[in-house]
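Enquirer: Predicted model and sequence follow; I will ask about them next.
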Amino acid sequence: MTMQRDVHDELRARLHEAAEAHQPNRERILARIERGMAGQERTDHRATRPLLWGWARIASATAAVAGMLAVGGYAVASAVKDDTPPQQTVAVSPAPVESPDATSRPPASPKATTTTSGGAQEPDEPSDPPARTEQSTPSAPPAADLLPVLDDTEDGPLWSDGSVDPHSNDFWAQSNITLKTSGQLTALTVQVRIAQTGGVSSTGAWRSLPEDDFDFTVVERDGFLVYTWVLKEGRTVPKGEWVFAGQYDHDRGGRDAKDDSYTIKVTSDGRESSVGGDFAAQDDDEGDS
């Protein structure tokens, strides 16, 4: 492509030079015209030629001059005209057309998300529903055996109490177990049994001690919903007051918790202790407050 352009440039330059070098001989042309006109006055034998012949010679000379100028002008115009490349056309693909039923399709359903939590919750924190709960998973250890039902809230370093949370309602409830210990515990099992009074199903659980310190299970057994927390081997519970809570749905209306119970079994200073009891009815708690 570059070589072809160089050839064109060289040809254009030579034509420019030829056009500029061409100089019509004006004097010679005028002399011929004058001779033609003077021929009319001659008296020799050429004077007898018709006048028309003289004018024909003038016209021929003029035409010759005009032709030479036209040829020269055409050559110059051909040399200096732009070397414009031919126009090109580009095929453009048509814009995509949306399927007619694209706007009638329903939006994709949002993916379900599962929230897991296990942070501690203070006993006086609202529980309708709790923001942080722990759930039994398929990888959880097998459910512990049912502990015997006790009716003794104090034993050795232990003191305990069971109550239905005041934030419970006609469809949902929470049963709280408060544990106090005056010494460090090296073993601890807390078990809550909620009687199946109709529509009872677990909605979660929580404890004020670290979640990672316990194995937790919730199962249905012998007409009860059973929540069990077992302190992991090598973990300890310092002295203080701690809360465990089980949460559940139930049939609409005031639920009777008279058949519910809890049992706590611990080891402290190498000695085993156990406490347990039942849950005060929700109406009784509201009357006390």
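Expert: That came through, no problem.

Enquirer: Could I get the buried residue list for stretch 244-253?
Expert: Within stretch 244-253, the residues that qualify as buried are 244-248, 250, counting by 16 or more other C-beta atoms under 10 Å. Every C-beta, even on glycine, is put in place using the N, C-alpha and C of the backbone.

Enquirer: Name whatever forms a beta bridge with residue 191.
Expert: Beta-bridge partners for residue 191, by DSSP bridges, are residue 228, residue 263.

Enquirer: quick one: contacts for it?
Expert: Residues near residue 191 by C-beta atoms under 8 Å, 6 or more residues apart in numbering: 144, 146-147, 226-229, 262-264.

Enquirer: Of these, just the buried ones, PyMOL syntax please.
Expert: For selection in PyMOL, the members of those meeting the burial criterion (16+ other C-beta under 10 Å) are listed in this command:
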select buried, resi 144+147+226+227+228+229+262+263+264
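
Enquirer: Redo the contacts of residue 191 as TSV? Include pLDDT.
Expert: Shown next, in TSV, are the contacts of residue 191 (pLDDT from 0 to 100):
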residue	pLDDT
144	62
146	87
147	90
226	97
227	97
228	97
229	97
262	97
263	97
264	97
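
Enquirer: so which of the buried residues of stretch 244-253 would you say is closest to residue 188?
Expert: Sorting those by how near they are to residue 188, with C-beta to C-beta, puts residue 244 at the top with 9.9 Å.

Enquirer: Domain ranges for this protein, per the record?
Expert: Listed by automatic domain parsing, the domain ranges of the chain are 2-80, 154-288.

Enquirer: okay, the ones you listed, which one's buried deepest?
Expert: Among these, the stretch with the highest mean neighbour count (mean count of other C-beta atoms under 10 Å) is domain 154-288, at a mean of 18.

Enquirer: and the end-to-end length of stretch 224-244?
Expert: Across its full length, stretch 224-244 reaches 18 Å end to end, with C-alpha to C-alpha, to the nearest Å as the criterion.

Enquirer: Check stretch 251-270 too.
Expert: 44 Å.

Enquirer: Can you tell me the element residue 9 falls in?
Expert: When secondary structure is defined by DSSP states H and E, residue 9 falls within helix 2-21.

Enquirer: Output the contacting helices and strands for that helix.
Expert: Here helix 2-21 is seen to pack against helix 51-80 when contacts are counted using 3 or more C-beta pairs under 8 Å, 6 or more residues apart in numbering; DSSP states H and E.

Enquirer: How much space separates residue 252 from residue 175?
Expert: Relative to residue 175, residue 252 is positioned 18 Å away (criterion: C-beta to C-beta, to the nearest Å).

Enquirer: ok so, going back, from the buried residues of stretch 244-253, which is closest to residue 29?
Expert: Nearest to residue 29 among those is residue 247, at 122.3 Å by C-beta to C-beta.

Enquirer: Give me the contact list for the helix or strand where the closest one lies.
Expert: Residue 247 belongs to strand 240-249 when assigned by DSSP H and E. When contacts are taken as C-beta under 8 Å, 6+ apart, the neighbours of strand 240-249 outside the stretch itself are 121-123, 127, 129-130, 133, 165, 171-181, 190, 192, 194, 199-209, 218, 225, 227, 229.

Enquirer: change it to 7 Å
Expert: Applying C-beta atoms under 7 Å, 6 or more residues apart in numbering, the set of residues contacting strand 240-249 from outside is 123, 129-130, 133, 171-181, 190, 192, 194, 199-209, 225, 227, 229.

Enquirer: quick check: mean pLDDT across that strand?
Expert: Model confidence over strand 240-249 averages 98 on the pLDDT scale.

Enquirer: Quote the end-to-end distance of stretch 215-230.
Expert: Using C-alpha to C-alpha, the gap from the first to the last residue of stretch 215-230 comes to 5 Å.

Enquirer: just for the stretch 151-289 of the chain, where's the confidence low?
Expert: Across the stretch 151-289 of the chain, residues meeting the criterion (pLDDT under 70) sit at 281-289.

Enquirer: Which stretches in it count as strands?
Expert: 154-155, 158-164, 172-181, 187-195, 201-207, 214-221, 224-231, 240-249, 261-268, 271-278 (DSSP state E, counting those that start in this stretch).

Enquirer: who wins for proximity to residue 20 among those strands?
Expert: Closest approach to residue 20 among these is made by strand 201-207 (102.9 Å; C-beta to C-beta).

Enquirer: So which elements touch that closest one?
Expert: Here strand 201-207 is seen to pack against strand 214-221, strand 224-231, strand 240-249 when contacts are counted using 3 or more C-beta pairs under 7 Å, 6 or more residues apart in numbering; DSSP states H and E.
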